[in-house]
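1. For reference, the sequence and a predicted model appear below.
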Amino acid sequence: MSIESLFDPALEASQQPNWPDRSELERAVKELKSLPPLVFAGECDNLKEKIAQAADGKAFMLQGGDCAETFAAATADSIRNRIKTILQMAAVLQYGASLPVIKVGRMAGQFAKPRSNDLETRGEISLPAYRGDAVNDLEFSQAARRPNPARLVKVYHTSSATLNLVRAFTQGGFADLRLVHEWNKGFVKDSRIGTRYEAMANEIGRALDFMRSAGINPAEFKTVDFYSSHEALILEYEKALTRIDSRTGNAYDVSAHFLWIGDRTRQLDGAHIDFAKKIRNPIGVKLGPKTSPENALEVIKALNPNDEPGRLTFITRMGAANVRGALPGIIEAASKSGAKVLWVCDPMHGNTYEAPSGYKTRKFDDVLDEVRGFFEVHQELGTHPGGIHIELTGDDVTECVGGGEAISHEDLATRYESACDPRLNHTQSLELAFLVAEMLRDRS
Ligand code: PEP
Ligand code: MN
């Protein structure tokens, strides 16, 4: 089977760059096709099995990382800080849930962004919008904003280097649960707001001490499985990295373990959904507040007609004000149909607004409230709140307001580094994890 013949070229693909030179694009695609896979199809299947467990209420998913990764931020420090933050959050969530936590990074491939407008205008000048480092550069100049397909090859190599370090960290001792707990103790001790979470951190410490006293020292404490994910947006890139798995003869997008389709590109008759239909990776679909129950059922039918366990995750991003109204109908329809999906809450994308200073921001309290609403709805319906999807960084940026550090609108200018949407900083991410852990613990 040829890969080309899998996809229908007549379908419309929304949110694609206007590449100025087709021959440049063809050269990049040819090179990508010649490169080895970034992930192994068997790993995608393992993740699918874990997602199936989570959909069944037996695991919880934590997906987190930048809104938009950049080439400049693919440094050892930045990658380490993100991994560390995700591991710290996962340990706390695992304790709260008494369930395994599936760790998935918005990492090692999250370089492309959908935009509301093709052009960005500043004063008299209009240039192509920044569509992520996969396409062009954030700098506002004609040359920097020109879509350049050679960047797709750089995405591959940067993803490869990132994933290599992620694998080294998570397999090589850096992810040891006891070390992660030491970091969390440090957070509780050193940060101004940490004392609020002292009781839970102490409980986790006692649980670890108890196991040590019993001589329990399993391999599971020392290494973790960490999976990569990104939005499958630039189809030339994703198709060039789609390969036939030699074991099964099935197609997998080997650019990441998990791919999701964004809220703006999930047209049922569009090229992105067609692409997702043809690959066997576990797939996520973002659902915004306008999603009708019928529409959610159509997505299920399109992407998981045979109800394959772990295949489909709905990442709902309703906004704190809408989640309690918009989510129940969708969950009820899916449950009634008998379909098994994993429900993950993205409390970021429905809660973005512009601060008076012009910065895009989000309120920590809105993020928390959307997660709370998500838990309430699932509690009400007897379904499983299966995970959270967070835009975060391990650094002390000032992009989202609120949290225990009480970052204000005026503080945003201090350290606003995101190339796209505002991320929770290290402290806000840990606070959120402790608060969600309490929600998980208090489930009945
Ligand atoms: C994103 O995850 O960065 C994103 C653009 O989300 P959505 O498709 O939900 O708007
Ligand atoms: Mn985003």
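-> Received, thanks. Ligands and ions are numbered 1, 2, ... in the order given.
2. For ligand 1, give me its nearest residue in the stretch 51-200 of the chain.
-> Closest residue of the stretch 51-200 of the chain to ligand 1, C-beta to the nearest ligand atom: Cys67 (4.9 Å). Where C-beta positions appear, they are placed from N, C-alpha and C, glycine not excepted.
3. Output stretch 281-291 as CSV, nothing but the C-alphas.
-> Taking C-alpha atoms only, stretch 281-291 is exported to CSV below (Å, rounded to 0.1, in the frame of the first residue of the first chain):
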residue,chain,number,x,y,z
ASN,A,281,-2.2,6.3,16.5
PRO,A,282,-4.4,7.3,19.4
ILE,A,283,-6.1,10.5,18.3
GLY,A,284,-7.4,13.5,20.3
VAL,A,285,-10.1,15.9,19.0
LYS,A,286,-10.6,19.3,20.6
LEU,A,287,-14.3,20.2,21.3
GLY,A,288,-15.2,23.8,21.8
PRO,A,289,-18.4,25.3,23.4
LYS,A,290,-20.3,25.2,20.1
THR,A,291,-20.1,21.5,19.8
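4. close to ligand 1, is that stretch?
-> Yes: Stretch 281-291 is in contact with ligand 1 by C-beta under 6 Å from any ligand atom, via Lys286.
5. per-residue confidence averaged over that stretch?
-> Across stretch 281-291, pLDDT averages out at 98.
6. so where does Ile315 fall, helix or strand?
-> For Ile315, the element it lies in under DSSP states H and E is strand 312-316.
7. quick one: the helix or strand immediately after that strand in the chain to strand 312-316, angle?
-> Next in sequence after strand 312-316, counting helices and strands by DSSP H and E, comes helix 323-337. Counting by axes from the mean of the first three to the mean of the last three C-alpha atoms, to 10 degrees, helix 323-337 points 160 degrees away from the direction of strand 312-316.
8. hey, where'd the strands end up in the stretch 251-400 of the chain?
-> 251-253, 258-261, 283-287, 312-316, 342-345, 352-354, 360-362, 387-391 (DSSP state E, counting those that start in this stretch).
9. With mean neighbour count as new columns, can those strands be given to me in TSV?
-> Output for the strands of the stretch 251-400 of the chain, formatted as TSV (neighbours: other C-beta atoms under 10 Å):
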stretch	mean neighbour count
strand 251-253	24
strand 258-261	26
strand 283-287	25
strand 312-316	26
strand 342-345	27
strand 352-354	13
strand 360-362	22
strand 387-391	26
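10. Turn these into a markdown table, including distance to ligand 2.
-> Below are the strands of the stretch 251-400 of the chain laid out as a markdown table (distance: least, C-beta to the ion, whole Å):
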| stretch | distance to ligand 2 |
| --- | --- |
| strand 251-253 | 20 |
| strand 258-261 | 12 |
| strand 283-287 | 10 |
| strand 312-316 | 12 |
| strand 342-345 | 15 |
| strand 352-354 | 8 |
| strand 360-362 | 10 |
| strand 387-391 | 5 |
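11. mind putting the ones you listed in CSV, distance to Gly173 included?
-> CSV is the format used below for these (distance: least, C-beta to C-beta, whole Å):
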stretch, distance to Gly173
strand 251-253, 30
strand 258-261, 25
strand 283-287, 30
strand 312-316, 30
strand 342-345, 29
strand 352-354, 38
strand 360-362, 35
strand 387-391, 25
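12. quick one on the thing from earlier: what are the C-alpha coordinates of the strand holding Ile315, in CSV please?
-> What follows is strand 312-316, C-alpha atoms only, in CSV (Å, rounded to 0.1, in the frame of the first residue of the first chain):
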residue,chain,number,x,y,z
LEU,A,312,-10.3,8.4,20.7
THR,A,313,-9.8,11.1,23.3
PHE,A,314,-12.1,14.1,23.5
ILE,A,315,-10.3,17.2,24.8
THR,A,316,-13.0,19.6,25.8
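13. Report the distance from it to the chain centre.
-> On the basis of C-alpha atoms, centre = their mean, to the nearest Å, strand 312-316 sits 11 Å off its chain's mean C-alpha point.
14. swap in stretch 36-46?
-> Averaging C-alpha positions (C-alpha atoms, centre = their mean) puts stretch 36-46 18 Å from its chain's average.
15. same question, stretch 178-186
-> On C-alpha atoms, centre = their mean, the centre of stretch 178-186 falls 24 Å from the chain's centre.
16. What residues of it count as buried?
-> Within stretch 178-186, the residues scored as buried using 16 or more other C-beta atoms under 10 Å are 179-181, 184-185.
17. Report all helices and strands that the helix or strand containing Leu93 contacts.
-> Using DSSP H and E, Leu93 falls within helix 76-97. Contacts defined by 3 or more C-beta pairs under 8 Å, 6 or more residues apart in numbering; DSSP states H and E place helix 76-97 against strand 60-65, strand 101-106, helix 150-171, helix 177-190, helix 198-213, helix 426-441.
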